[in-house]
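>>> Here is a sequence together with a model predicted from it:
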Amino acid sequence: MTKTYRWCLAVVAGVALLWTTPAGSIAAAPFVLQAKDHICIISNTLAERMQFDGWLETRLHARFPRHDLVIRNLGWAGDEVGTRLRELNFGSPDEWLSGQPAPIGGYTENRFSGVDTKADVIFAFFGYNESYAGRAGLEAFKKTLDD
């Protein structure tokens, strides 16, 4: 082996090692799903496009075959953490995730009863649309996400 080849190999190995090293000293908690969990996916176009191919749902059902999971994709193009444009009386994100809509027009029955969106687990993919605000919008994004 030439010196250059060995040097390149060492650099590649070092970079690969850095990519596999955790960023902090605290390990992430393991991802655990319980039987009968309701999973809701919220996001913008990423989640909406995921509806065309059921790869995520398929992998979850294959990984947890006896869990009888319920998975609902609530992604809409253009959604942001704090902005979700919908028609009147559609229901807020919190109403959809809880499966408990506010009564409208004297109609008090749960109009979400058949949609099974009472979320136990939420997969949220946000940040792309908000990234157009640049560094100046980062703090506002963090605050809205925390809220």
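Sure, I can see it. Numbers count the residues shown, from 1 in each chain.

>>> make it CA atoms for all contacts and neighbour counts henceforth
Will do.

>>> who's in contact with Trp76?
Trp76 makes contacts with Ile42, Ser43, Asn44, Thr45, Ala47, Glu48, as judged by Cα atoms under 8 Å, 6 or more residues apart in numbering.

>>> sec struct for it, please.
Judged by DSSP: H, G, I helix; E, B strand; the rest coil, the three-state class of Trp76 is coil.

>>> what's the pLDDT at it?
For Trp76, the pLDDT comes out at 91.

>>> The chain should start at 54 in everything you say after this.
Fine by me, first position is 54 from now on; the one you just mentioned is Trp129.

>>> and the residue nearest to the spatial centre of the chain, which of the three is it?
Nearest residue to the geometric centre of the chain (Cα atoms, centre = their mean): Ala177, 2.2 Å. On the three-state scheme (three-state DSSP), Ala177 is labelled strand.

>>> Please state the backbone phi and psi of the residue lying closest to it once chain neighbours are set aside?
Of all residues not flanking Ala177 in the chain, Ile95 sits nearest, at 4.9 Å (Cα to Cα, 6 or more residues apart in numbering). Phi and psi for Ile95, reported as degrees, to the nearest 10, are phi -120, psi 140.
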